[in-house]
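> my questions concern the predicted model and sequence given below.
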Amino acid sequence: MDALLLVLAIPLLGGLLLALWGHREFAAELNAAVSLLTLIAACWLTAIVVRDGPLLVWAEWFFVDALNVFLVTLTAFVGFTTSLFSRPYMRVERDHGKMTPPRMRLYHSMYQVFNGMMLLALTTNNLGILWVAMEAATLTTVLLVSVYRSAASLEAAWKYFILCGVGIAQALFGTILLYLAAERAIGGGDTTLLWTHLARASHQLDPAILSLAFAFLLLGYGTKVGLVPVHNWLPDAHAEGPTPISAVLSGLLLNVALYAVLRVKVLADGSLGTGLPGQMMVGFGLVTVVVAAFFLSRQRDVKRMFAYSSIEHMGLMTFAFGLGGPVANFAGLLHMTVHALVKSALFFAVGHAAQKAGSQAMDDIRGLLKVSPTVGWGLMLGALAILGMPPFGVFASEFLILTTAMRELPWATPLLLIALGVAFAAIFRRVQPMVFGETSLRPLAHPPALLPVFIHLGLALMLGLYIPPYLNGWYRQAALMIGG
Amino acid sequence: MSLLLAQSINLFAVVLLVLAFAMIAQRRILTLIHLFTLQGVALVAATLVVAHLTGQHHLYYSAAVTFALKVVLIPILLHRVIIRLNVRWDVETLFNIPTTMLLGIVLVIFAFNLAGPIARLSTSIAHGTLGIALACVLLSFLMMIVRAKAVPQVIGFLSMENGLFFAATAATSGMPMIVELGIAFDVLVGILILGVFMFQIREQFDSLDIRHLEKLKED
């Protein structure tokens, strides 16, 4: 209980402190320190949940079980490593005149509030508060995406706000419908929207209302997940915002939105009992994977390309959770973890590379291996990992998803394989000249932070070769909870 | 008396819907803000009636919050924005109004069909209005799509929020208080951010035309 309080309070207090001191010289270190404290608190919380089982505290307002505690740790971990990466990265941006002291203050403060809101969204038991926290996370990232105040970043932020505003409004309508169904089954009141109460009574919820509510919620939160056809904001927001923000958007926010979908899927499954929610997710996931793979090959901006790769992978996870069953859910959860690790590592490497080249256009980034071999290797290994090369963890999860698909939905397998093949060709063809080839890049004023890149890739490698038993048990438990 | 009051909810619902249509067709930005304020008034009145009839006390607070936010604070903010941006008397050329209106009618029919089976299951006194609430939400979507200027787009966004609040009141006699407060807070912060954005967009592009914001496209 204390651990949970710390997990939620540290980022928000940190955001407050950084709102005062975010422009000072030590702000980047303070930011990293706050993120480290959050990570420690998250590990403590995890230890408690692993030892004592699910945690239901503060008049049942907060609920931590195997499913969300692993996302809490992942969020805190990537939040911490990104703050390490952001330290030298944002200093270079400041030296280039893109960041002024007030902008630095806004950036640091919003970074922490954003983390806090994601953690609140993950741990709350109330589906209404989940919505509020998701919307608040959107608002903070809108500010972060527009922090450079350039024409392109303003455009991206405006598009992000309007599209996600519309999306999240649909999720609110879905939540209202859910409340309507719950009011009929278990009576109205402050506790009606608590997920644990809804899950207990899910078989009493009216199927007609729940199917409509799930459709709205899937489309609404799906906008934030980046599902096609409501994905348009994602490439712009990733490409135009600061790179640390691209890393946390891809690695964390998309996961949190998918988590929200999973929570309501459990309720819809319990009420409908027909597998319709799963089928809807399979459909959306499949379309997303295929469309994103074909868009990948047309990109010229490196951050846009990896943003499309995120859409593709989120589609794959949605597909896996849609299939349901212990194996596909396990694979989906594993894919969530490794994708978050590898994609944020890639954005770290890409950020440094783009700063060296002074451009995000892939044609301008050449021969990284000659100027700074570590950035080059980070990018190469990261690209291989995200493309699903063994022995990285992405291979393991994609393999599991594909084999399950072969058994359950044979017709979908060739589509997935073609999409993965197209994505491989598109990304590898682009990354290869960026890493090898002749160079005209210049060294950076501040030494790049490459430790996070290799920690992430190392963890993804470990998950590909060997999943520790406690982690394994934890994934299994969470996979059972999602059911389907 | 209570029958009359119950029917007045339907009256307010219709007022909301008519105002949503009026907003789609309105060219002048100043009038658009007035229409939005009126929509807020209708929403507050509907909430008060539901609160009185059901005896749910938290709905009075909800009505108070809506009044403060949608009738007082946000319209004042919008007025200040359009004065400072000097677009108070702006007239927008709109894409074919009759076609848009016809599209709107199609949306209303669609919303009624979607909400019909569910509204029958609701035990709330105002359950018949769920379809209208959904129609308001969809009409606001339509408005956001067809408008090319920043201020009308934002008003469309806010009017969508009105529709959602009305859905919450009409179908379920109000969500839990804490959730409503959270939603209101998010809306307020969102509108402040959008307001700041409008100034920055003007600074960058010398115009509030969203059509300038179409540079980021696929090659």
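Looks like it came in fine.

> in which helix or strand does residue A:77 reside?
Using DSSP states H and E, residue A:77 sits within helix A:66-95.

> show me how far that helix is from its chain's centre.
Relative to the centre of its chain, helix A:66-95 is centred 12 Å away, using Cα atoms, centre = their mean, to the nearest Å.

> and what of stretch A:48-61?
Taking Cα atoms, centre = their mean, one finds stretch A:48-61 lying 24 Å from the centre of the chain it belongs to.

> just the mean pLDDT for that stretch, thanks.
For stretch A:48-61, mean pLDDT rounds to 88.

> and that stretch, what's buried?
A:48-49, A:55, A:61 (16 or more other Cβ atoms under 10 Å in any protein chain shown). For glycine as for every other residue, the C-beta is placed from the backbone atoms N, C-alpha and C.

> what is the lengthiest helix in chain B packed up against?
Longest helix of chain B, by residue count under DSSP state H: helix B:177-205. In terms of contacts (3 or more Cβ pairs under 8 Å, 6 or more residues apart in numbering or on different chains; DSSP states H and E), helix B:177-205 is packed against helix A:127-145, helix A:151-186, helix B:57-66, helix B:74-84, helix B:150-172.

> which regions of chain B lie under the pLDDT threshold?
Scanning chain B for pLDDT under 70 picks out B:95, B:122-127, B:217-219.

> and with 90 instead?
B:1-10, B:24-29, B:50-51, B:53-59, B:81-100, B:114-131, B:141, B:144-154, B:167-187, B:191-219 (pLDDT under 90).

> center of it, which residue is that?
Nearest to the geometric centre of chain B sits residue B:159, at 1.3 Å (Cα atoms, centre = their mean).

> that one reaches residue B:140, doesn't it?
Yes: the pair residue B:159 / residue B:140 is scored as a contact, 4.5 Å apart, by Cβ atoms under 8 Å.

> burial count for the nearest residue to residue A:87 once chain neighbours are set aside?
Closest residue to residue A:87 in three dimensions, ignoring its sequence neighbours and counting by Cβ to Cβ, 6 or more residues apart in numbering or on different chains: residue A:28, at 4.1 Å. Counted with other Cβ atoms under 10 Å in any protein chain shown, residues neighbouring residue A:28 total 23.

> quick one: residue A:28 and residue A:91 touch, right?
Yes: in this structure, residue A:28 is within contact of residue A:91 by Cβ under 8 Å, at 7.0 Å.

> can you find the helix or strand in chain A with the smallest mean pLDDT?
Across the helices and strands of chain A, mean pLDDT, DSSP states H and E gives its lowest value to helix A:368-371, namely a mean of 84.

> and the stretch 201-350 of chain A, which residues reach chain B?
Counting by Cβ under 8 Å from any Cβ of the partner chain, the stretch 201-350 of chain A comes close to chain B at A:206, A:208-209, A:212, A:236, A:239-240, A:295, A:298-300.

> how about those in CSV, adding distance to residue A:482, pLDDT and neighbour count?
Output for these, formatted as CSV (distance: Cβ to Cβ, whole Å; pLDDT from 0 to 100; neighbours: other Cβ atoms under 10 Å in any protein chain shown):
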residue, distance to residue A:482, pLDDT, neighbour count
A:206, 22, 90, 20
A:208, 23, 88, 15
A:209, 22, 89, 23
A:212, 22, 91, 21
A:236, 31, 93, 25
A:239, 32, 92, 23
A:240, 34, 92, 28
A:295, 29, 92, 23
A:298, 34, 88, 12
A:299, 33, 90, 22
A:300, 38, 90, 14
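
> next, the buried residues of stretch A:277-284.
For stretch A:277-284, by 16+ other Cβ under 10 Å, it's A:277-278, A:280-282, A:284.

> nope, stretch B:169-187 is what I meant
B:169-180, B:182-184, B:186-187.

> how far does that stretch stretch from start to finish?
Across stretch B:169-187, the terminal residues are separated by 17 Å (Cα to Cα, to the nearest Å).

> what number of residues lie near the residue lying closest to residue A:170 once chain neighbours are set aside?
Among residues not flanking residue A:170 along the chain, residue A:220 sits closest, at 3.6 Å (Cβ to Cβ, 6+ apart). Neighbours of residue A:220 under the rule other Cβ under 10 Å: 28.

> hmm, residue A:163 and residue A:220 touching each other?
No: at 11.4 Å, residue A:220 does not count as touching residue A:163 under the criterion of Cβ under 8 Å.

> from chain B, how far out is the residue nearest the centre of chain A?
Geometric centre of chain A, nearest residue: residue A:252, 2.8 Å, by Cα atoms, centre = their mean. Applying Cβ to the nearest Cβ, to the nearest Å, the value for residue A:252 to chain B is 20 Å.

> my guess is that residue contacts residue A:77. True?
No: Residue A:252 is beyond contact range of residue A:77, at 9.7 Å (criterion: Cβ under 8 Å).

> list the buried residues in the helix holding residue A:77.
So helix A:66-95, judged by 16+ other Cβ under 10 Å, has buried residues A:66-94.

> beyond that helix, next helix or strand please.
Taking DSSP H and E, what comes next after helix A:66-95 is helix A:101-123.

> and that next one, average pLDDT?
On average, the pLDDT along helix A:101-123 is 96.

> that one - contacts with which helices or strands?
Secondary-structure packing of helix A:101-123 (3+ Cβ pairs under 8 Å, 6+ apart): helix A:2-21, helix A:27-52, strand A:62-64, helix A:66-95, helix A:127-145, helix A:243-248, helix A:254-272.

> can I get the ones you listed in TSV with distance to residue B:98?
Below are the helices and strands packed on helix A:101-123 laid out as TSV (distance: least, Cβ to Cβ, whole Å):
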stretch	distance to residue B:98
helix A:2-21	50
helix A:27-52	55
strand A:62-64	52
helix A:66-95	50
helix A:127-145	35
helix A:243-248	44
helix A:254-272	39
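
> highest mean neighbour count out of the ones you listed?
Among the helices and strands packed on helix A:101-123, helix A:243-248 has the highest mean neighbour count (mean count of other Cβ atoms under 10 Å in any protein chain shown), at a mean of 27.

> for that one, C-alpha coordinates in PDB please.
Extracted in PDB, the C-alpha atoms of helix A:243-248 (Å, rounded to 0.1, in the frame of the first residue of the first chain):
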ATOM      1  CA  THR A 243      13.000  11.800 -29.500                       C
ATOM      2  CA  PRO A 244      12.800  10.900 -25.800                       C
ATOM      3  CA  ILE A 245       9.100  11.500 -26.100                       C
ATOM      4  CA  SER A 246       8.900   9.300 -29.200                       C
ATOM      5  CA  ALA A 247      10.500   6.600 -27.200                       C
ATOM      6  CA  VAL A 248       8.000   6.800 -24.300                       C
END
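
> quick check: neighbours shared by residue B:159 and residue B:140?
By Cβ atoms under 8 Å, 6 or more residues apart in numbering or on different chains, residue B:159 and residue B:140 have these common neighbours: B:20, B:23.

> for residue A:293, which non-adjacent residue is closest in space?
residue A:419 (3.9 Å).

> quick one, what contacts the one you found?
Counted by Cβ under 8 Å, 6+ apart, residue A:419 has contacts A:289-290, A:292-294, A:312.

> thinking again about what came up before, distance of the residue nearest to the centre of chain B from residue B:37?
11 Å (Cβ to Cβ, to the nearest Å).

> what about the helices and strands packed on helix B:177-205, which gets the closest to residue B:109?
helix B:150-172 (16.4 Å; Cβ to Cβ).

> is any residue of the closest one near chain A?
Yes: using Cβ under 8 Å from any Cβ, a contact is recorded between helix B:150-172 and chain A, made by B:150, B:153, B:157, B:160-161, B:164, B:167-168, B:171-172.

> what helices or strands is that helix leaning on?
With contacts taken as 3+ Cβ pairs under 8 Å, 6+ apart, helix B:150-172 sits against helix A:151-186, helix B:2-25, helix B:29-54, helix B:57-66, helix B:74-84, helix B:130-146, helix B:177-205.
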